[in-house]
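A.B. asks: Build me a model from this:
(one chain, ligands or ions: 1)
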Amino acid sequence: MATIAAERLTFTRLPHPAPASADARAAVLANPGFGSHFTDHMIVIDWSEGRGWHDAVIAPRGPIALDPAAAVLHYAQEIFEGLKAYRQADGGIALFRPEANAARFNASATRLAMPRLPEDIFVEAVKQIVAADKDWFPPVEGGSLYLRPFMIATEAFLGVRPAKEYKFIIIASPAGNYFKSGAPAVSLWVSEYTRAAPGGTGAAKCGGNYAASLVPTAEAFARGHDQVLFLDAAEHKWIEELGGMNLFFVMADGSIVTPPLTGTILPGITRESLIALARDEGLTVREERYSLGQWRDDTTSGQLVETFACGTAAVVTPVGKVCGEDGEFTIGSGGPGQLTGKLKARLVAIQRGEAPDPHGWVMKL
Ligand SMILES: *Cc1c(COP(=O)(O)O)cnc(C)c1O
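C.D. replies: Residues are numbered from 1 along each chain as shown. Sure thing, here's the model as predicted:
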């Protein structure tokens, strides 16, 4: 049904009865934190079998009415994306690789038996909410607007089959500056739980994966760690990723290793971008399996010098310490590594329009 093109789907702007006052907005933007404050608007597009995508609106942000039998509430037919609009050095606004999010959204939709949203409609919807909420960028350097597109099954039906009605929605949340003082290195807890099994939904960005990661994450927090590290489900040996970030290992010879996308790892856009930037620098990047034991041995022998995690929200986060049931080890000095900092700075400069964009990743609005 996904044959409609963006130019045939008109976004209707619904009047907002009570947008936040300039004072209320300024108070939020002075200290936005992450994910707890939202802008005035949301995008909603409906889908139903037979009609396809229709009724695209830029609406006042607010609660959505759902039948208590809506399929998403019972069988978790939900997918999402996460991307940012960045304030540019020249004062403009830009998106970073939104087509990559659109493509991944459709890959997730296919895995969850949901309708595909044409990529141009996805990107147009993102542009529409950024335009409607352009006053919601935190005024600090590096302030951005975090965008959360998602899709839910809304059909009221308790039988187990793909729903015949969906809503695509985008909400937006102002995000503060992650880059002010450089991220401190995090400590990881190696979980006995697994995140994704071969043939499962690990490569899809769906809420269900996150629901399953909450107990292992809480366990990591309870033990005093910042993040949970998941190993593969089959052998419980190979490093996969964190709850919401991909991992990179920097060797003493300057080469980089990251786990391959075999279906159990979420294909991060930050991951893919950093691989490209590292190769631009002339570095060798190997997408190959890396085991927890090898990681410990390489760290001890000095063969491995840095490890970092990456994702849209925090860009690049150095890993300082790894703990599990069989002990712990510290990476490098336990603080942020050199190449980690360099790659992060390269990526952030491109996202903020402060450096040339050789890959054509930045979409200026
Ligand atoms: C979203 C996500 C990532 C990071 O993807 P980016 O596109 O880089 O933001 C990594 N792992 C999981 C499980 C995710 O959901």
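
A.B. asks: just for the stretch 151-300 of the chain, where's the confidence low?
C.D. replies: 177-183 (pLDDT under 70).

A.B. asks: now the helices for it?
C.D. replies: According to DSSP state H, counting those that start in this stretch, the stretch 151-300 of the chain carries its helices in the segments 207-222, 269-280, 292-301.

A.B. asks: So for the ligand, which of those sits nearest?
C.D. replies: Of all those, the one in closest proximity to the ligand, counting by C-beta to the nearest ligand atom, is helix 269-280 (3.2 Å). C-beta coordinates here come from the backbone N, C-alpha and C atoms, glycine included.

A.B. asks: tell me which residues in that closest one are buried?
C.D. replies: Buried residues in helix 269-280, counted by 16 or more other C-beta atoms under 10 Å: 269, 270, 271, 272, 273, 274, 275, 277, 278.

A.B. asks: same deal with stretch 66-73?
C.D. replies: Residues of stretch 66-73 classed as buried by neighbour count (16+ other C-beta under 10 Å): 70, 71, 72, 73.

A.B. asks: Over to stretch 225-236?
C.D. replies: When burial is assessed from 16+ other C-beta under 10 Å, stretch 225-236 yields the following buried residues: 225, 226, 227, 228, 229, 230, 231, 232, 233.

A.B. asks: separation between the fifth one and residue 202?
C.D. replies: This means residue 229. Between residue 229 and residue 202 the distance, using C-beta to C-beta, to the nearest Å, works out to 14 Å.

A.B. asks: count of residues packed around residue 156?
C.D. replies: Residue 156 has 13 neighbours, counted by other C-beta atoms under 10 Å.

A.B. asks: and it, what does it touch?
C.D. replies: By C-beta atoms under 8 Å, 6 or more residues apart in numbering, the contact list for residue 156 reads 67, 68, 69, 70, 71.

A.B. asks: The same query, at a cut-off of 6 Å, please.
C.D. replies: Counting by C-beta atoms under 6 Å, 6 or more residues apart in numbering, residue 156 makes contact with 67, 69, 70.

A.B. asks: again with residue 36
C.D. replies: Shown in contact with residue 36 (C-beta under 6 Å, 6+ apart): no residues.

A.B. asks: that older thread, turn the helices of the stretch 151-300 of the chain into a markdown table, including distance to the ligand.
C.D. replies: As requested, the helices of the stretch 151-300 of the chain are arranged in a markdown table below (distance: least, C-beta to the nearest ligand atom, whole Å):
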| stretch | distance to the ligand |
| --- | --- |
| helix 207-222 | 6 |
| helix 269-280 | 3 |
| helix 292-301 | 18 |
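
A.B. asks: Which among those is found nearest to residue 353?
C.D. replies: For residue 353, the closest of the helices of the stretch 151-300 of the chain is helix 269-280, at 15.2 Å, according to C-beta to C-beta.

A.B. asks: Around the ligand, which positions in the chain sit nearby?
C.D. replies: Listed as neighbours of the ligand in the chain under the rule C-beta under 6 Å from any ligand atom: 82, 205, 241, 244-246, 266, 268-271, 311-312.

A.B. asks: hmm, 5 Å instead?
C.D. replies: Near the ligand, the residues belonging to the chain are 205, 244, 266, 268, 269, 270, 311, 312 when assessed by C-beta under 5 Å from any ligand atom.
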